[in-house]
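Undergrad: Predicted model follows, preceded by the sequence.
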Amino acid sequence: MSDLRNDERKTLILTGASRGIGHAAVKRFSSAGWRVITCSRHGFPEDCPWEMGPEDHIQIDLADPANVEDGIREMRERLKAQGSRLDALVNNAAISPKDEHGQRLPALDTGIDDWKTVFQVNFFAPIMLARGLVEELKKATGSVVNVTSIAGSSVHPFAGAAYSTSKAALASLTREMAADFGPLGIRVNAISPGEIETSILSPGTENMIKDIPMRRLGQPEEVAKAIYFLCTEQSSYVTGAELHINGGQHV
Ligand SMILES: NC(=O)c1ccc[n+]([C@@H]2O[C@H](COP(=O)([O-])OP(=O)(O)OC[C@H]3O[C@@H](n4cnc5c(N)ncnc54)[C@H](OP(=O)(O)O)[C@@H]3O)[C@@H](O)[C@H]2O)c1
């Protein structure tokens with residue numbers, strides 16, 4: 001348990017915290033004494049072993065813009081206990097739909113509604129959240145981290161066209177946001193994971209290891225450490241960056 005009262009702690013809002021990279025980020029920030037407000041489609045798991053409770057979880061479907069707006073109102077309400085300050089927003093939740101055989105969805109076969117849903121979750125929700133929470137971020141001189149992907153910069157064997165283009169758009173959005181939020185004192189960066197061992201990976205990913213210079217998959221904790229770096233004083237003059245966390249896969 002942290003000894004700090006809620007109004008003295010730094011606060012993170014993190015989307016997609018229920019597993020994978022988000023889960024590891026909750027652990028990293030919580031162990032440093034931060035209050036972490038999480039959001040995902042499912043309710044707070046009753047068997048969750050951490051000190052945070054259901055009062056720090058918001059059930060929200062980022063695929064539904066009206067639900068995102070409601071979620072932002074709820075977040076702002078909950079931040080009042082912290083003097084309406086927000087130290088960091090991490091846009092981590094994403095979807096990566098596959099075809100019925102679990103294979104990559106190419107541009108020709110992706111229905112327009114699926115493109116829209118992927119872009120709503122992976123691209124529009126991050127900017128909606130950042131804009132909706134801008135006053136709270138400004139008050140704390142906070143920072144935003146957008147989670148992009150190695151699939152945003154070249155065709156990937158498993159990631160579909162909609163997913164990959166949404167991540168490329170999110171990388172560009174990070175640049176635009178850094179320019180627009182910078183004068184408000186808010187830093188905006190991206191982290192771009194490669195093949196990280198989580199449930200989003202497709203069967204066959206292990207065959208890619210031979211082409212990764214570090215010859216192994218990454219662990220969610222290794223991504224969480226980089227997110228933490230970008231949300232803290234250690235990176236105080238870093239904005240508009242996209243940090244590759246992929247064992248050298250991009251080279
Ligand atoms: N793992 C990798 O190798 C890898 C590589 C490159 C990039 N990334 C990126 O890293 C981030 C995290 O990936 P991950 O592997 O940890 O993913 P993951 O294990 O599939 O977890 C995704 C998270 O997003 C939440 N989520 C999904 N759809 C949502 C929605 N409509 N509304 C609200 N929450 C939603 C999920 O929670 P609920 O199911 O409860 O909603 C879950 O907590 C993503 O942005 C992903 O694109 C991952």
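TA: Here it is on my side, so go on.
Undergrad: quick one: pLDDT of E221?
TA: E221 is assigned a pLDDT of 97 by the prediction.
Undergrad: distance of it from I196?
TA: 10 Å (C-beta to C-beta, to the nearest Å). Every C-beta, even on glycine, is put in place using the N, C-alpha and C of the backbone.
Undergrad: Repeat that for T239.
TA: Distance of T239 to I196, computed by C-beta to C-beta: 24 Å.
Undergrad: that older thread, so for E221 and I196, which residue has more residues nearby?
TA: Neighbour totals were compared for E221 and I196, and I196 leads with 23 against 14 (other C-beta atoms under 10 Å).
Undergrad: which residues sit in contact with the nearest residue to the more buried one once chain neighbours are set aside?
TA: In space, and not counting its chain neighbours, I196 is closest to G218: 4.4 Å by C-beta to C-beta, 6 or more residues apart in numbering. Counting by C-beta atoms under 8 Å, 6 or more residues apart in numbering, G218 touches 193-197, 245-247.
Undergrad: May I have the phi/psi pair for G218?
TA: phi -90, psi 160 (degrees, to the nearest 10).
Undergrad: can I assume H156 is in contact with K167?
TA: No. Using C-beta atoms under 8 Å, H156 is not in contact with K167, being 9.6 Å away.
Undergrad: Looking at the two, which is more packed in?
TA: K167 (27 against 21).
Undergrad: how close does the residue nearest to I196 sit to the ligand?
TA: G218 sits 7 Å away from the ligand, taking C-beta to the nearest ligand atom, to the nearest Å as the criterion.
Undergrad: State the pLDDT value of that residue.
TA: 97.
Undergrad: And the strands in the stretch 151-251 of the chain?
TA: Ranges of strands within the stretch 151-251 of the chain are 187-193, 242-245, based on DSSP state E, counting those that start in this stretch.
Undergrad: Check those for me and report the most buried one.
TA: Sort these by mean neighbour count, taking mean count of other C-beta atoms under 10 Å, and strand 187-193 sits at the top with a mean of 25.
Undergrad: Tabulate the CA atom coordinates of it in CSV.
TA: The C-alpha trace of strand 187-193 is given here as CSV (Å, rounded to 0.1, in the frame of the first residue of the first chain):
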residue,chain,number,x,y,z
ARG,A,187,4.8,16.5,-23.6
VAL,A,188,3.5,14.0,-26.2
ASN,A,189,5.5,10.9,-27.2
ALA,A,190,4.9,7.5,-28.7
ILE,A,191,6.4,4.1,-27.9
SER,A,192,6.4,1.6,-30.8
PRO,A,193,6.6,-2.1,-29.6
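Undergrad: could you say what helices and strands it packs with?
TA: If you count contacts as 3 or more C-beta pairs under 8 Å, 6 or more residues apart in numbering; DSSP states H and E, strand 187-193 packs onto strand 143-147, helix 161-181, helix 220-230, strand 242-245.
Undergrad: could I get these as TSV with distance to P126?
TA: Converted to TSV, these look like this (distance: least, C-beta to C-beta, whole Å):
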stretch	distance to P126
strand 143-147	5
helix 161-181	6
helix 220-230	14
strand 242-245	14
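Undergrad: between these, which gets nearest to K98?
TA: helix 161-181 (9.3 Å; C-beta to C-beta).
Undergrad: picking that back up, may I see the strands of the stretch 151-251 of the chain arranged in a markdown table, with mean pLDDT as well?
TA: Output for the strands of the stretch 151-251 of the chain, formatted as a markdown table (pLDDT from 0 to 100):
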| stretch | mean pLDDT |
| --- | --- |
| strand 187-193 | 98 |
| strand 242-245 | 98 |
